[in-house]
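Visitor: Have a look at this prediction, sequence included:
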Protein chains: 2
Amino acid sequence: MDVKKMFDEKLSRRGLIKGAGMVAVGAAGMASLKSGGLDFLSNAEAKGGATEKWPWPYEKLDPEKTAELAYNEWYRLFCGGAVISSVFSQLREKVGEPYKSFPIDAYVFLEGGIAGWGTICGSNAGANIVSNMIIGPRIAGPECENGAVIGANVMKWYSETSLPVYTPEDPRVKTELVRTTSDSPLCHVSVGKWMKASGYPIGSPERRDRCARVTASVAYKLVNDLNAWKDGKFKETAAWGPVKDFGITSQQNCMDCHGSNIPSAPQAKK
Amino acid sequence: MDVKKMFDEKLSRRGLIKGAGMVAVGAAGMASLKSGGLDFLSNAEAKGGATEKWPWPYEKLDPEKTAELAYNEWYRLFCGGAVISSVFSQLREKVGEPYKSFPIDAYVFLEGGIAGWGTICGSNAGANIVSNMIIGPRIAGPECENGAVIGANVMKWYSETSLPVYTPEDPRVKTELVRTTSDSPLCHVSVGKWMKASGYPIGSPERRDRCARVTASVAYKLVNDLNAWKDGKFKETAAWGPVKDFGITSQQNCMDCHGSNIPSAPQAKK
């Protein structure tokens, strides 16, 4: 059987695509995701395990309490795990399953941009995991589109905001910390720009506390958006569509890496 | 209470750190992770939900069967979701829980380097999720260290290998596809280099099938490593330690982005 036809038929049965070919005429939701750069992808119906029914039950959380939890959990689970824990630990108590069965602690590996490789900042990865777990993936139907939208827009907010914006009630490092705008969702770029502006090395308590506060800032923003979604007030669409505009996946600021202002790489220590 | 002291005591109770201060003298496992670039991070004892006991039960899988599943699942879940599905769908049948409760389909958002942003290739993110879910996070104890090591080393293998290495039994695109070495774990760099070498745009069936085959290649490599771990034969340590050598998180090839050979960014379409 022709694969394209097969997928069209599957989609049609779910009411996501009507008419011939791969032309989506579905809800505004799908349209907004497609404008988010994913219009080169097709999709099909979900198979579904026990926890694959979306959205998961959600109760509104206090953003400040969530940020405090994230800040403190950074010192146990680091950026990605801390964002997930700050939201899911509260929902384990308020809601129970499926949050109790979600293996929060396994996500320590998001640290340092995935095991220290400096790719996506773990707090961004963690925010995407949380929003897509709660609201669901785009293939689960138009009612789930905001999972991807909230996650993607956290990355945009992260890239454009002078971070950290959240100062914990009782920070471990008492001195004021410099804020920097990363212009990127990547750990390596975000941490590197902050280290340059602050003068603190990666192993310093200040750099560590800066990352804990960035994590808290992301958790605050994330819960704000999730609460708005719960209230039916989240109306954003994906704010960045690289594939449509630039013909390739990418972050929102091409010239930051493709310009003439790239810093020299540090030399290996002898 | 002094935070550093508190964490030292917690760690000491778990036998991960002995003696004063943050000096780790634990298993070779911890040492290898630290050489992997994570030595600027501290850790503490896990809290533990229902699925947070590691390692999860694992039965050896056939790498070729897994690669075929990943290839086909790419056309439903894309890179990250397909790697996870290719392994966990088999373990749902062979083992049952906790794999049945793992929300595989939610990971569609790993597509296009996280919602199209071109950061970490979803197949790398998916491989890290799988290895860290099955074997566990490093904070769960030395017996879990290989979760992070296998995930990190898949990124290194991905960066250094001319991909895709795996050709499916019955590929959707019948023509031979160019192979390229990304020198990076990032979607944007990997896809961009392949597009340049092949001449195919992002929306083409060839680019899509290339990414499906890359996903299959990663799933093959991942299951090979997991099987070796199951047999007690996985002896690798984390192969890349940027923090120790370069003082910042980063990928394994500084000059690929910090050299003089950066391609021009594409212009926005009018």
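Guide: Good, I have the coordinates.

Visitor: quick one, what contacts the closest residue to A:T161 other than its chain neighbours?
Guide: Computed as C-beta to C-beta, 6 or more residues apart in numbering or on different chains, the closest residue to A:T161 that is not its neighbour in sequence is A:T181, at 6.7 Å. The C-beta positions use only the backbone N, C-alpha and C, and glycine is treated the same way. By C-beta atoms under 8 Å, 6 or more residues apart in numbering or on different chains, A:T181 lies in contact with A:159-163, A:193.

Visitor: And the residues you listed, which is closest to chain B?
Guide: Nearest to chain B, judged by C-beta to the nearest C-beta, of the contacts of A:T181 is A:S159 at 9.4 Å.

Visitor: quick one: secondary structure of the residue of the stretch 51-200 of chain A found nearest chain B?
Guide: Closest contact between the stretch 51-200 of chain A and chain B, by C-beta to the nearest C-beta, is at A:G116 (3.2 Å). At A:G116 the chain is in coil, as set by DSSP: H, G, I helix; E, B strand; the rest coil.

Visitor: Pretty sure it sits against B:A152.
Guide: Yes: under the criterion of C-beta atoms under 8 Å, A:G116 makes contact with B:A152 at 7.4 Å.

Visitor: Narrow the contacts of A:T181 to those in helices?
Guide: A:159-160, A:193 (DSSP state H).

Visitor: can you redo these as TSV with neighbour count and distance to chain B?
Guide: Shown next, in TSV, are those (neighbours: other C-beta atoms under 10 Å in any protein chain shown; distance: C-beta to the nearest C-beta, whole Å):
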residue	neighbour count	distance to chain B
A:S159	24	9
A:E160	14	13
A:K193	18	11
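
Visitor: just to revisit the earlier point, is it possible to get CSV of the contacts of A:T181 that adds pLDDT?
Guide: Below are the contacts of A:T181 laid out as CSV (pLDDT from 0 to 100):
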residue, pLDDT
A:S159, 97
A:E160, 97
A:T161, 98
A:S162, 98
A:L163, 98
A:K193, 97
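
Visitor: all helices for chain A, in order.
Guide: A:3-13, A:28-33, A:63-94, A:122-135, A:145-160, A:187-198, A:205-230, A:242-246, A:255-258.

Visitor: Single out the most deeply packed of the ones you listed.
Guide: helix A:122-135 (a mean of 30; mean count of other C-beta atoms under 10 Å in any protein chain shown).

Visitor: does any part of that helix sit near chain B?
Guide: Yes: Helix A:122-135 lies within reach of chain B by C-beta under 8 Å from any C-beta of the partner chain, at A:124-125, A:128-129, A:132-133.

Visitor: what's the spacing between that helix and its chain's center?
Guide: Relative to the chain's own centre, helix A:122-135 is displaced by 5 Å; criterion: C-alpha atoms, centre = their mean, to the nearest Å.

Visitor: Can you pull out the low-pLDDT segments for the stretch 1-150 of chain A?
Guide: Along the stretch 1-150 of chain A, the model assigns pLDDT under 70 to residues A:1-48.

Visitor: repeat that for 90
Guide: A:1-50 (pLDDT under 90).

Visitor: list the contacts for the most centrally placed residue in chain A?
Guide: The centroid of chain A falls nearest to A:N128 when counting by C-alpha atoms, centre = their mean (3.1 Å). When contacts are counted by C-beta under 8 Å, 6+ apart, A:N128 is found next to A:148, A:151-152, A:154-155, B:109, B:114-115.

Visitor: before we move on, what about A:I104?
Guide: A:77, A:81, A:84-85, A:88-89, B:47, B:49, B:52.

Visitor: do A:E73 as well
Guide: Contact analysis of A:E73 by C-beta under 8 Å, 6+ apart lists A:81-82, A:85-86, A:89, A:215.

Visitor: which two in the residues you listed are spaced the farthest apart?
Guide: A:S89 and A:T215 (14.1 Å; C-beta to C-beta).

Visitor: about what we covered before: which one of the contacts of A:E73 is nearest A:E59?
Guide: Of the contacts of A:E73, the one sitting nearest to A:E59 (C-beta to C-beta) turns out to be A:S89, at 13.1 Å.

Visitor: With adjacent residues omitted, what lies nearest to the closest one?
Guide: Nearest to A:S89 is A:L69, by C-beta to C-beta, 6+ apart, at 6.7 Å.

Visitor: I figured that neighbour was touching A:R92, is that so?
Guide: No: applying C-beta under 8 Å as the test, A:L69 and A:R92 come out as separate, 11.9 Å apart.

Visitor: Surely A:S190 and A:C121 touch.
Guide: Yes: contact criterion C-beta under 8 Å: A:S190 and A:C121 qualify, at 5.5 Å.

Visitor: For those two, list the residues in contact with both.
Guide: The contact sets of A:S190 and A:C121 overlap at A:158, A:182, A:214 (C-beta under 8 Å, 6+ apart).

Visitor: Counting neighbours, what do you get for the closest residue to A:E206 other than its chain neighbours?
Guide: Nearest residue to A:E206, sequence neighbours excluded (C-beta to C-beta, 6+ apart): A:Y200, at 4.3 Å. For A:Y200, the neighbour count with other C-beta atoms under 10 Å in any protein chain shown is 19.

Visitor: any idea how far A:A265 lies from chain B?
Guide: A:A265 sits 4 Å away from chain B, going by C-beta to the nearest C-beta, to the nearest Å.

Visitor: Revised request: answer the last question for A:C257.
Guide: Counting by C-beta to the nearest C-beta, the gap from A:C257 to chain B is 6 Å.

Visitor: mind listing what that residue touches?
Guide: A:184, B:257, B:262.

Visitor: could I get the residues you listed as JSON lines with distance to B:W56 and pLDDT?
Guide: Listed next are these as JSON lines, based on distance: C-beta to C-beta, whole Å; pLDDT from 0 to 100:
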{"residue": "A:S184", "distance to B:W56": "34", "pLDDT": "96"}
{"residue": "B:C257", "distance to B:W56": "36", "pLDDT": "90"}
{"residue": "B:I262", "distance to B:W56": "42", "pLDDT": "87"}
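
Visitor: tell me which of those residues is nearest to B:K65?
Guide: For these, the closest approach to B:K65 (C-beta to C-beta) belongs to B:C257, at 36.9 Å.

Visitor: what residues are up against the residue nearest to A:D256 when sequence neighbours are not counted?
Guide: Excluding its sequence neighbours, the residue lying closest to A:D256 (C-beta to C-beta, 6+ apart) is A:D183, at 4.9 Å. Neighbouring residues of A:D183 by C-beta under 8 Å, 6+ apart: A:159-160, A:189, A:193, A:253, A:256.

Visitor: Also A:F109?
Guide: Shown in contact with A:F109 (C-beta under 8 Å, 6+ apart): A:80, A:115, B:128, B:132, B:137-138, B:147-148, B:151.

Visitor: what's the neighbour count on A:G96?
Guide: 11.

Visitor: Report the beta-bridge partner residues of A:L186.
Guide: On the basis of DSSP bridges, A:L186 is bridged to A:I120.

Visitor: Surely it and A:C121 touch.
Guide: Yes: counting by C-beta under 8 Å, A:L186 does reach A:C121; the two are 6.5 Å apart.

Visitor: Identify the contacts common to these two.
Guide: A:G113.
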